[in-house]
Structures are given as C-alpha cells and as structure tokens.
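A.B. asks: Just need the structure, nothing else, for what follows:
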Amino acid sequence: MAAEMSGGDLSRLRQLNALAVIEALQGQESLTLTEVAKRTGLSRASAEDVVRELLHKGWVAEAGATAGGVGRPARRYRFRAEAGRVLGVDIGGHKIRAVVADLDGNVLHSARVQVTPEMGRLERLEAVDRAATECLEGAGLTGRDVWASGVGTTGLVDGVGRVLLSDALPEWTGVDLAAHVRRLAPAPVLVENDSKLAALAECWRGVARYAKDMVFLLAGLRTGAGLVIDGKLHKGFANASGEIGALPVLGWIRAQEHLRAASGEAGDVFAAARNGDKAALAAVRRYVKDLALGASALVLTLDPQMVVVGGGFSRSADVLIEPLKRELDRWCIRTPEVRMSALGDEAVVLGAVRLALDDVEDRLLDGRSPLVRHL
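C.D. replies: Model (predicted):
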C-alpha cells in the first residue's frame with residue numbers, strides 16, 4: 001500500500017504545480033485552462049485550482065476570452081510580468097552595466113558607467129551606485145520596488161556575495177558586494193562570477209538553449225570559464241568550478257599577451273589577421289593554442305555537447321572559431337560543437353537578471369512569494 005502524502009508533501013506539490021503553471025504562461029500572450037493543463041500535465045481541475053490561487057496572489061491575470069466557437073467563450077490567463085522588477089548588474093574592468101527587467105526577463109531600462117581596470121575599490125563601488133541609481137530612476141523605480149538583484153563580477157565569489165579573490169581588479173578582493181548593493185535595493189542580492197553568469201545567460205537566451213552540458217569560455221582581456229551540467233549551472237563545493245586558468249601550465253594567464261605583443265590592441269590584431277597579415281595571424285594562432293589547452297581539459301572532463309565562446313573577443317568569431325576547432329581536434333577524443341555567443345557583452349548582465357529571477361521563483365516555490373507583501 002502506497003504511503004499517504006503528508007501535509008508538507010502536499011504543500012510542496014502545490015508549490016511545484018504553481019511554478020509549472022507560471023512557467024507555462026511565461027512568454028505567452030495568454031492561455032486557456034485547457035492549454036495550461038496540456039502544457040503542465042495537470043488535470044484541468046488541478047490547473048483551475050492553481051490558476052485560481054495565482055489569481056488571488058497576483059501572479060496571474062485574466063486576459064479576456066476566446067472569441068468564436070460554440071458556447072461560452074473560454075477564459076484566458078496571462079502571467080503578470082509587470083507585477084515585479086529585478087535588477088541586474090555587471091561589474092567589469094572597463095564598464096559597469098545595470099538593467100531593470102520584468103518577471104519575464106525583458107529589459108525595461110539600462111544604464112552604463114565607464115570605469116578603468118586601475119580604479120580602486122571605492123571608486124568602482126561609487127560607479128556601481130551611479131549605474132544602479134541611474135537605471136532605477138530611468139525606470140521610474142526606487143530600490144524598494146526591486147524584488148531581487150543579481151550581480152556579476154570578476155573574481156572568485158563565495159556563497160554570501162563576497163569577492164574572495166580578484167587578480168584582475170586592484171583592491172577588489174574582500175569586497176562585500178551583496179551588502180553594498182543591498183543598501184540600494186534591500187531585497188535579496190545574489191552575486192556570482194561573471195563567467196558563470198554568462199554561461200547561465202547562454203542557456204537561457206543564447207546559442208546553448210538546447211544544450212544540457214556546456215562549457216562557456218570567456219575570451220577577452222582575461223580568460224575564464226563557466227560550466228553547465230545536466231542543464232544546471234555548476235558551481236562546485238566552494239563555488240570555484242571552472243577556475244582552470246589558475247594552472248599556469250595551461251596558458252590562460254599569458255594567452256592575451258600574444259595579442260598585445262603583436263599590436264598593443266587585440267581588436268587591431270584580429271582586424272589585421274582578417275586582412276591576411278602574417279604577424280597578426282601568427283599571434284592569433286598562439287593565442288588560440290593557449291585558449292585551447294584549458295578548453296581541451298574541460299572538454300575531456302565534462303564531454304559537453306557544446307563549447308560557447310563569449311567575452312570581448314567573441315566579435316572576432318570569423319578568425320577564432322576555425323583555429324579553435326582545429327586545436328580541440330588535436331587534443332579531444334570528441335570535439336563538441338563550437339559556437340560563438342549571440343549575446344556578446346550583454347551576456348553577464350542577462351545572466352545576473354536570470355540569477356535574480358531564479359531567486360524570485362525559488363521564493364515562490366518554498367512559499368515566500370514576493371507578491372504576498374505587495375498585495
């Protein structure tokens with residue numbers, strides 16, 4: 001005889017059903033109850049109960065009725081993406097980017113502040129404040145209107161939003177980003193390494209939407225990696241997964257020096273290589289060889305479906321992709337599909353938005369719905 005479900009089990013089931021209905025409605029103009037039931041696998045009666053509860057909580061709204069046909073028109077329902085807002089922030093060496101998005105992840109307003117890699121901690125934090133404040137004010141919001149914030153940064157980040165180690169930015173090691181951003185927007189603040197967030201964004205809105213196992217390579221003025229395993233961002237025991245560049249023998253620390261030695265500006269080297277310049281082509285080959293060493297180690301370990309190359313150099317896909325494939329062919333038992341990011345420099349901030357949205361959905365799932373306090 002099957003064991004009876006406890007009250008806690010039933011509560012969890014209701015939360016899972018609610019999340020399934022929300023995911024079915026997200027991105028859709030509207031659905032009928034029959035369509036909701038079909039997409040979620042729930043019975044029509046169960047779908048009706050869940051939709052009624054979500055209507056009461058403010059997550060769902062009626063969207064009119066279906067015209068035509070015989071009998072009473074079927075009611076339609078939509079997800080209220082406008083019910084809440086999330087904040088995404090990308091903290092880089094050359095820019096701070098902030099965006100406000102709705103609960104469907106649509107960017108409603110953005111702001112950008114130029115910075116330099118040489119800036120100290122206080123200057124960079126002030127730039128974060130300017131970007132976030134400008135973005136919120138431009139969207140007609142205050143920090144208290146934000147349901148959750150996601151923040152992407154260079155460096156190794158711990159589980160509570162503090163930068164444990166940053167080689168790229170001076171004075172950045174030890175900064176408590178979660179606490180700082182919480183001064184502007186008091187809702188939960190989630191902080192993550194930029195390579196990991198870019199990987200998250202690629203699986204959400206980029207070229208890796210159909211890949212369950214993926215390696216993301218951040219190729220730019222520095223090199224990093226993010227891993228997606230079985231459809232989920234892999235963080236590791238201490239949130240340090242993908243930090244393979246710490247091994248000097250793999251060449252990621254020196255990779256960019258090949259491009260600087262050739263011309264001083266990476267963009268100029270890629271442009272010259274595109275035009276057939278022999279010295280530039282040789283520099284790109286040396287850069288790709290170093291990039292491929294670490295990438296091959298990750299591919300041999302994970303056996304991913306796809307490798308996605310993003311970051312500042314992803315704009316030069318035409319001169320990077322084929323040499324990278326050839327190098328991976330040399331070292332890997334099976335070379336996965338290699339794609340350039342479709343998100344470019346938007347990837348990290350979109351990953352920050354997705355991180356914030358995941359937190360909002362998690363709070364719905366465990367019964368701490370942000371909407372409850374707004375109704």
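
A.B. asks: contacts, neighbours, all on C-alpha from now
C.D. replies: Noted.

A.B. asks: List the buried residues for stretch 228-243?
C.D. replies: Within stretch 228-243, the residues that count as buried by 16 or more other C-alpha atoms under 10 Å are 228, 229, 231, 233, 234, 235, 239, 240, 241, 242, 243.

A.B. asks: quick one: which two of those are the most distant?
C.D. replies: Pairwise distances among these were taken by C-alpha to C-alpha; the largest, 19.7 Å, belongs to 231 and 243.

A.B. asks: Which stretches in this protein count as helices?
C.D. replies: Secondary structure of the chain, counting by DSSP state H: helices at 7-25, 33-40, 44-57, 121-138, 177-184, 194-205, 255-263, 266-274, 278-302, 317-331, 347-365.

A.B. asks: Figure out which of those helices is closest to residue 105.
C.D. replies: Comparing the helices of the chain under C-alpha to C-alpha, the one sitting nearest is helix 347-365, at 6.8 Å.

A.B. asks: Remind me what the closest one packs against, helices and strands.
C.D. replies: In this structure, helix 347-365 packs against helix 7-25, strand 85-91, strand 95-101, strand 146-153, strand 189-193, helix 194-205, with contacts taken as 3 or more C-alpha pairs under 8 Å, 6 or more residues apart in numbering; DSSP states H and E.

A.B. asks: again, only this time at 6 Å
C.D. replies: Under the contact criterion of 3 or more C-alpha pairs under 6 Å, 6 or more residues apart in numbering; DSSP states H and E, the helices and strands touching helix 347-365 comprise strand 85-91, strand 146-153, helix 194-205.

A.B. asks: Buried ones in that helix, by neighbour count?
C.D. replies: Those buried within helix 347-365 under the rule 16+ other C-alpha under 10 Å are 347-357, 359-361, 364-365.

A.B. asks: Measure how far stretch 41-48 is from the centre of its chain, please.
C.D. replies: 32 Å (C-alpha atoms, centre = their mean, to the nearest Å).

A.B. asks: outside of it, which residues touch it?
C.D. replies: When contacts are defined by C-alpha atoms under 6 Å, 6 or more residues apart in numbering, stretch 41-48 is touched by residues residue 37.

A.B. asks: Using neighbour counts, pick out the buried residues of that stretch.
C.D. replies: Per 16+ other C-alpha under 10 Å, stretch 41-48 contains these buried residues: 42, 44, 47, 48.

A.B. asks: What of stretch 139-148?
C.D. replies: Taking 16+ other C-alpha under 10 Å as the neighbour-count basis, stretch 139-148 is seen to contain the buried residues 139, 143, 145, 146, 147, 148.

A.B. asks: Nearest to residue 183, out of those: which one, please.
C.D. replies: Taking C-alpha to C-alpha as the measure, residue 183 sits nearest to residue 143 out of the buried residues of stretch 139-148, at 8.5 Å.

A.B. asks: Chain neighbours aside, what residue packs nearest to the closest one?
C.D. replies: Take residue 143 and drop its neighbours on the chain: the residue closest to it by C-alpha to C-alpha, 6 or more residues apart in numbering is residue 185, 4.0 Å away.

A.B. asks: do you know which of the helices and strands packed on helix 347-365 lies nearest residue 343?
C.D. replies: Closest to residue 343 of the helices and strands packed on helix 347-365 is helix 194-205 (C-alpha to C-alpha; 7.4 Å).

A.B. asks: Dig out what residue 110 forms beta bridges with.
C.D. replies: When assigned by DSSP bridges, residue 110 has beta-bridge partners residue 99.

A.B. asks: residues touching it, list them.
C.D. replies: Residue 110 neighbours (C-alpha under 6 Å, 6+ apart): 98, 99, 135.

A.B. asks: swap in residue 37?
C.D. replies: 43, 44, 47.

A.B. asks: want to try a markdown table for these, with pLDDT as columns?
C.D. replies: What follows is the contacts of residue 37, written out as a markdown table (pLDDT from 0 to 100):
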| residue | pLDDT |
| --- | --- |
| 43 | 93 |
| 44 | 93 |
| 47 | 94 |
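
A.B. asks: Between these, which sits nearest residue 73?
C.D. replies: residue 44 (16.3 Å).

A.B. asks: Give me the buried positions along stretch 187-206.
C.D. replies: Judged by neighbour count using 16+ other C-alpha under 10 Å, the buried positions of stretch 187-206 are 187-203, 205-206.

A.B. asks: Which among the helices and strands packed on helix 347-365 is found nearest to residue 223?
C.D. replies: Here helix 194-205 is closest among the helices and strands packed on helix 347-365 (C-alpha to C-alpha), at 8.9 Å.
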